[in-house]
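Participant: no FASTA, just this:
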């Protein structure tokens, strides 16, 4: 059986399912809307215990899931929603033992998702240009995961370039959560191994259009796909079955691509759309025949 310890992050859950985060510390007191409970009364309790605050308020004490933790952890930068965090490691094909480059670190949510996917044999290198974001991210990561020896956090700007590690080996996967990922595409073309996966997340249409155009212009990326995810929960109470009135709809666009040998897909030249490039490519093929 697993028991709560001092220094651990836990959540208290009320009857409506609302979650409240706290970090246990010997001698401290937790207060919620006039109700109180000593941290010492929580330390040593089993995970999943019912606890009673002053005023006979009963709550459930739990170790948060990763998704719950992300939504309640301190943040500098806006974090990705769990629905996107769940899909990114799958669509980027982040596997145990992979070498992954990430930018920017933000509040650390995506970094943790990547670390969980690569496992102890893998490696995550993450760039964050802002010192305040980087400090918050490392606090969040270590609070949830403990010391992480296979994470290399660096205070760098990915727009200015991506440096390989001392061993000179390229990265297997590259994941970006930046406002202008198209600025990183030329660097990604150099830092990724052949067959490696590129993935970026942006919230708006103009951003994703520029990103996809940059991938095509690089001429070494193919199988480019862009999609969004929508999450709708359902209320099921006996014979009353209906979708909930609120849902997590658009949060951003995910774009994925593979680094490949160029030649199969046409390059997009400046001032030319992808459709125009494809038409020109087809005309050239017809002329050759």
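Facilitator: Yep, that arrived. Source: prediction; values computed, not measured. Residues are numbered from 1 along each chain as shown.

Participant: Longest strand in the chain, please.
Facilitator: The longest strand of the chain (DSSP state E) is strand 192-202.

Participant: Pull out the buried positions in that strand.
Facilitator: 192, 196-202 (16 or more other CB atoms under 10 Å). From N, CA and C alone the C-beta is placed, and that goes for glycine too.

Participant: So what's the gap between it and the chain middle?
Facilitator: Mean-position distance between strand 192-202 and its chain equals 14 Å (CA atoms, centre = their mean, to the nearest Å).

Participant: which strands and helices sit next to the next helix or strand after it?
Facilitator: Remark: after strand 192-202, the chain's next helix or strand is helix 205-218, criterion DSSP states H and E. Other helices and strands packing on helix 205-218, by 3 or more CB pairs under 8 Å, 6 or more residues apart in numbering; DSSP states H and E, are helix 185-191, strand 192-202, strand 221-227, strand 253-259, helix 274-288.

Participant: so who does residue 194 touch?
Facilitator: 259-261 (CB atoms under 8 Å, 6 or more residues apart in numbering).

Participant: partners of the longest strand of the chain, with directions?
Facilitator: strand 171-176 (parallel), strand 253-259 (antiparallel) (DSSP bridges).

Participant: Out of those, which one sits most buried?
Facilitator: strand 171-176 (a mean of 26; mean count of other CB atoms under 10 Å).

Participant: State the mean pLDDT of stretch 22-29.
Facilitator: The average pLDDT for stretch 22-29 rounds to 96.

Participant: Can you get me the start-to-end distance on it?
Facilitator: End-to-end distance for stretch 22-29, by CA to CA, to the nearest Å: 10 Å.

Participant: Tell me the gap between it and the middle of its chain.
Facilitator: Using CA atoms, centre = their mean, the offset of stretch 22-29 from its chain centre is 29 Å.

Participant: what sits up against that stretch?
Facilitator: 4-12, 30, 36-40, 42-43, 143.

Participant: List the buried residues of it.
Facilitator: Buried, per 16+ other CB under 10 Å, within stretch 22-29: 22, 24.

Participant: low pLDDT regions in the chain?
Facilitator: Low-confidence segments of the chain, defined by pLDDT under 70: 265-289.

Participant: 90 instead, please
Facilitator: Along the chain, the parts satisfying pLDDT under 90 run over 1-2, 75-79, 248, 261-289.

Participant: now the helices: where do they sit in it?
Facilitator: In the chain, the segments counted as helices under DSSP state H are 66-72, 82-91, 109-118, 131-145, 185-191, 205-218, 274-288.

Participant: Single out the most deeply packed of those helices.
Facilitator: Counting by mean count of other CB under 10 Å, helix 109-118 has the highest mean neighbour count of the helices of the chain, with a mean of 24.

Participant: Report all helices and strands that that helix contacts.
Facilitator: Checking 3+ CB pairs under 8 Å, 6+ apart, helix 109-118 ends up next to helix 66-72, helix 82-91, strand 99-103, strand 123-127, helix 131-145.

Participant: now that helix and helix 131-145, what's the angle there?
Facilitator: When axes from the mean of the first three to the mean of the last three CA atoms, to 10 degrees is applied, the directions of helix 109-118 and helix 131-145 differ by 40 degrees.

Participant: Next, the angle from helix 109-118 to strand 99-103.
Facilitator: Going by the same axes, to 10 degrees, helix 109-118 makes 170 degrees with strand 99-103.

Participant: For the closest residue to residue 183 other than its chain neighbours, which residues are in contact?
Facilitator: Residue nearest to residue 183 in three dimensions, not counting chain neighbours: residue 159, with 4.4 Å by CB to CB, 6 or more residues apart in numbering. Going by CB under 8 Å, 6+ apart, residue 159 touches 178, 180, 183-184.

Participant: How about residue 182?
Facilitator: Contacts of residue 182 (CB under 8 Å, 6+ apart): 210-211, 213-214.

Participant: One more: residue 130?
Facilitator: Counted by CB under 8 Å, 6+ apart, residue 130 has contacts 76-77, 104.

Participant: repeat that with 7 Å
Facilitator: By CB atoms under 7 Å, 6 or more residues apart in numbering, the contact set of residue 130 is empty.

Participant: where's it relative to residue 162, distance?
Facilitator: 18 Å (CB to CB, to the nearest Å).
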